[in-house]
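S.K.: Show me how the following folds:
(one chain, ligands or ions: 1)
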Amino acid sequence: MQLLDGKATAAQIRLELSEIVKERKLEGKKIPHLAAILVGNDGGSVTYVGAKVKACEEIGFESTLIRYDDSVPENVLLAKVKALNEDKSIDGFIVQLPLPKHIDEQKVTLAIDPRKDVDGFHPMNLGNMLIDHPGFICATPLGIMELMVRNNIKTEGKNCVIIGRSNIVGTPLSLLLGKNKSPGNCTVTLTHSRTKNLTEICRNADILIAAIGQPGFVTADMVKDGAVVIDVGTTRIEDKTKSKGWSLAGDVNFDEVAPKTSYISPVPGGVGPMTIASLMMNTLKAMELKGK
Ligand code: GUN
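M.R.: Here you go, the predicted structure:
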């Protein structure tokens, strides 16, 4: 078993990006600028957005964090999105999800200029991904593809089973892995809560990707010997042994699954850091595309 070390892989990407920034600075060129809107105080969202801002600082990107209280009216948030769309100094921005219930997430996503949608959530970018047109690929699927490429995981002809069909992970990832490209050319099965014989289907997977947000859902009996297992789950669970009172749990029961695998991504330190690295790559791309 080998660890798919997303923490180390993401650090390598950040280093590469910081070299690009250094060169741009020497040449007097613009530095990529990412903005993030964070609504409320949800612990997970605060942590993720904090990590995104920290990654910008480490690489040398400019960053702007805009925070609102949980009670922010939808029209105020939409006005901010419009202002960021029009702000020439901002190359890309994200609105951290989930948003409070009184705000229509879809309306907010649609309001973002697709050219600045570095999360790749706008339908224009999802469509561009489908037809291989330039645009932004959602950060988590892009991070998973990059994690596989940089760790020499071959996908060609492999059976890939994805558990979870969310708009931001499972569904776009199923499209990417099924494409006639490298990485890609997988035979993809996208499974979900209504799937019958899930264990049997998973046992046929050369590459098994769990993205359902249920801690420990994937057990050893669901995994073929030698499979590649990628864990996208990041659920906070109470952990009194930690000073912060919680720890992150993946969708895979790591201890029992790991010995059966050829490669497995841990939680934390697997897909999470790769998502952030992908967001940084997309922000650089947004700046480059703007110049065209
Ligand atoms: N919430 C969970 N993952 C993400 C992400 O990748 N981007 C945004 N904007 N919100 C999220």
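S.K.: Check whether residue 214 really touches residue 252, as I assumed.
M.R.: No - taking CB atoms under 8 Å as the definition, residue 214 is not a contact partner of residue 252, at 10.2 Å. In short, each C-beta sits where N, CA and C put it, glycine included.
S.K.: Now do the shared contacts for these two.
M.R.: Common contacts of residue 214 and residue 252, defined by CB atoms under 8 Å, 6 or more residues apart in numbering, comprise residue 233.
S.K.: neighbour count winner among these two?
M.R.: Counted by other CB atoms under 10 Å, residue 214 and residue 252 do not tie: residue 252 has more neighbours, with 32 against 14.
S.K.: near the ligand at all, the helix or strand hosting residue 24?
M.R.: Here residue 24 is covered by helix 6-26, with elements defined by DSSP states H and E. No - judged by CB under 6 Å from any ligand atom, helix 6-26 makes no contact with the ligand; its nearest approach is 13.9 Å.
S.K.: next one: the helix or strand that comes right after that helix to chain centre, how far?
M.R.: Using DSSP H and E, the helix or strand that follows helix 6-26 in sequence is strand 33-39. Strand 33-39 has its C-alpha centroid displaced from the chain centroid by 16 Å (CA atoms, centre = their mean, to the nearest Å).
S.K.: And the helix or strand following strand 33-39, what's buried?
M.R.: Once strand 33-39 ends, the next helix or strand along the chain (criterion: DSSP H and E) is helix 43-59. Residues of helix 43-59 classed as buried by neighbour count (16 or more other CB atoms under 10 Å): 45, 48, 49, 52, 53, 55, 56, 59.
S.K.: Helix 43-59 vs helix 6-26, what angle?
M.R.: 50 degrees (axes from the mean of the first three to the mean of the last three CA atoms, to 10 degrees).
S.K.: Check which helices and strands helix 43-59 is in contact with.
M.R.: Under the contact criterion of 3 or more CB pairs under 8 Å, 6 or more residues apart in numbering; DSSP states H and E, helix 43-59 touches helix 6-26, strand 33-39, strand 62-68, helix 271-290.
S.K.: For the ligand, what's its nearest residue on the stretch 151-292 of the chain.
M.R.: Closest approach between the stretch 151-292 of the chain and the ligand, counting by CB to the nearest ligand atom: residue 275, at 5.6 Å.
S.K.: show me what contacts that residue?
M.R.: 139, 140, 143.
S.K.: which residue ranges form the helices in the stretch 151-292 of the chain?
M.R.: 170-178, 198-203, 254-257, 271-290 (DSSP state H, counting those that start in this stretch).
S.K.: Including mean pLDDT, could the helices and strands packed on helix 43-59 go into a markdown table?
M.R.: Putting those into a markdown table (pLDDT from 0 to 100) gives the following:
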| stretch | mean pLDDT |
| --- | --- |
| helix 6-26 | 98 |
| strand 33-39 | 98 |
| strand 62-68 | 98 |
| helix 271-290 | 96 |
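S.K.: Run through the residues of the stretch 151-292 of the chain sitting next to the ligand.
M.R.: So the stretch 151-292 of the chain meets the ligand at residue 275 (CB under 6 Å from any ligand atom).
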